[in-house]
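Asks: Take this sequence and fold it.
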Amino acid sequence: MRILITGGAGYVGSACLRYVAEQGHDVMVYDSLVMGHRRAVDGHPLVRGDIADTALLTQTLKDFGADAVMHFAAATYVGESVENPEYYYRNNVSGTLSLLNAMRAAGVNRLLFSSTCATYGMAEADTMSEATPLDPFSPYARTKLAVEWMIRDFAHAYGMGFTLLRYFNASGADADGRHGEDHTPESHLIPLVLQVPLGQRDKIMVFGDDYPTPDGTCIRDYVHTRDLASAHLLAIEATEVGTDEIFNIGTGNGQSVMQIIEACETCHGPEHPARDGRPPPRRSAQAGSGCHQAAHQTGLGAGIQRYRSQYRHRLGLAQGASKRVSRLTADLDGLERKTPYR
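Replies: Residues are numbered from 1 along each chain as shown. Next up is the predicted model:
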């Protein structure tokens, strides 16, 4: 299969790119490189362009002879979406409209869309299935849901097939440490925690310790990008004209903020400031729902070790150069035996 990957220079998009290529498919990346990184493409064909450029997208699809599209290109910062919703609606919604029109013009009718569990909003349930009521609580999440509706309408009107994947907290890095999270600014918990032993920050901040959870901190479902990539490939291979599917992607188990910090053993006296607009206390996939079974192969401990390897690689640290990093490795050994909060 020949698959065009929009946003394929980003964190999850590039992980899927590398995995899909490993499995023998032909891939091409379309990315503006505003947030993505050329090095993440790892030498695969790349067209640098804005997703709003319908003509360039159309020509790229035709020249490549694409059979399907994996669509990751989107702005993803919740806080930024509150401050600048115009950009999020223009980039995420109008950009996807441009892509759909390009697909129609090029005769490409199979699409996989990278959505988010944020479409469920502040759901009170401990776990979420595809039947959980939708109530997105940020402009970012609302643009994702709007795109889902738009894709469905286009598919039904113009003879396309699609699969929508709503996944939980993407995490992890490649086993060789060459690729992983590289956001500016960084906003995800695990890499933020790991910046402490690597000397990039003095401490980690914990936002709230009075949630109705066993240790008072929020619980999230962390799914490794390698497992996400596996689920994406299964989905695109099963998508054909007339396909209309939505799947949650998660592990079914949640880990609290403090569990993550304890696993990394790096916190220098966390602070617990109050926070407006508090996130829901729990968010994890309902076991057995959707593509759940495709997304639980890489354990959290292995995932954090890969993060550590990625950060060491990026900083050029020699093996054993940092005592704090060595201590982190030793403390991770028993992580897989810990019982996760549910």
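Asks: strands paired with the helix or strand harbouring Tyr30, and their directions?
Replies: Using DSSP states H and E, Tyr30 maps to strand 26-31. Paired strands of strand 26-31, with direction, are strand 2-6 (parallel), strand 46-48 (parallel) (DSSP bridges).
Asks: Next SSE downstream of the last one?
Replies: Going back to what we said before, that points to strand 46-48. Next in sequence after strand 46-48, counting helices and strands by DSSP H and E, comes helix 54-64.
Asks: Any regions of the stretch 1-150 of the chain where pLDDT drops low?
Replies: Along the stretch 1-150 of the chain, the model assigns pLDDT under 70 to residues 123-126.
Asks: the helices in it, which residues?
Replies: For the stretch 1-150 of the chain, applying DSSP state H, counting those that start in this stretch gives helices covering 11-22, 54-64, 78-83, 85-88, 95-106, 139-158.
Asks: May I see the ones you listed organised as CSV, with distance to Pro214 and mean neighbour count added?
Replies: Backbone N, C-alpha and C define where each C-beta goes, glycine included. Listed next are the helices of the stretch 1-150 of the chain as CSV, based on distance: least, CB to CB, whole Å; neighbours: other CB atoms under 10 Å:
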stretch, distance to Pro214, mean neighbour count
helix 11-22, 29, 23
helix 54-64, 48, 18
helix 78-83, 25, 15
helix 85-88, 35, 16
helix 95-106, 39, 22
helix 139-158, 27, 18
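Asks: the inter-axis angle of the strand holding Tyr30 versus helix 11-22?
Replies: Angle, strand 26-31 to helix 11-22, by axes from the mean of the first three to the mean of the last three CA atoms, to 10 degrees: 160 degrees.
Asks: which residues are contacting strand 26-31?
Replies: Strand 26-31 has contacts (CB atoms under 8 Å, 6 or more residues apart in numbering) with 1-10, 13-14, 17, 20-21, 41, 44-49, 51, 57, 60, 64, 66, 73.
Asks: Now the buried members of these.
Replies: Neighbour-count burial (16 or more other CB atoms under 10 Å) applied to the contacts of strand 26-31 gives 3-10, 13-14, 17, 20-21, 41, 44, 46-47, 49, 51, 57, 60, 64, 66, 73.
Asks: picking up where we left off before, give me the angle between the strand holding Tyr30 and helix 95-106.
Replies: Using the same axes, to 10 degrees: strand 26-31 against helix 95-106 is 140 degrees.
Asks: Can you report phi and psi for the closest residue to Ala15 other than its chain neighbours?
Replies: Nearest non-adjacent residue to Ala15, counting by CB to CB, 6 or more residues apart in numbering: Thr225, 3.8 Å away. Main-chain dihedrals, Thr225, degrees, to the nearest 10: phi -60, psi -30.
Asks: thought Thr225 was touching Val12?
Replies: Yes - in this structure, Thr225 is within contact of Val12 by CB atoms under 8 Å, at 5.8 Å.
Asks: Common neighbours of the two, please.
Replies: Ala170.
Asks: thinking again about what came up before, so which of the helices of the stretch 1-150 of the chain gets nearest Asp202?
Replies: Closest to Asp202 of the helices of the stretch 1-150 of the chain, according to CB to CB: helix 78-83, at 22.1 Å.
Asks: What is the closest one packed up against?
Replies: In this structure, helix 78-83 makes packing contacts with helix 85-88, helix 139-158, judged by 3 or more CB pairs under 8 Å, 6 or more residues apart in numbering; DSSP states H and E.
Asks: From the contact counts, what lies against the shortest one?
Replies: So the one you mean is helix 85-88. helix 78-83, helix 139-158.
Asks: quick one on the thing from earlier: quick one, the strand holding Tyr30 and helix 54-64 angle?
Replies: Inter-element angle recorded for strand 26-31 and helix 54-64: 170 degrees (by the same axes, to 10 degrees).
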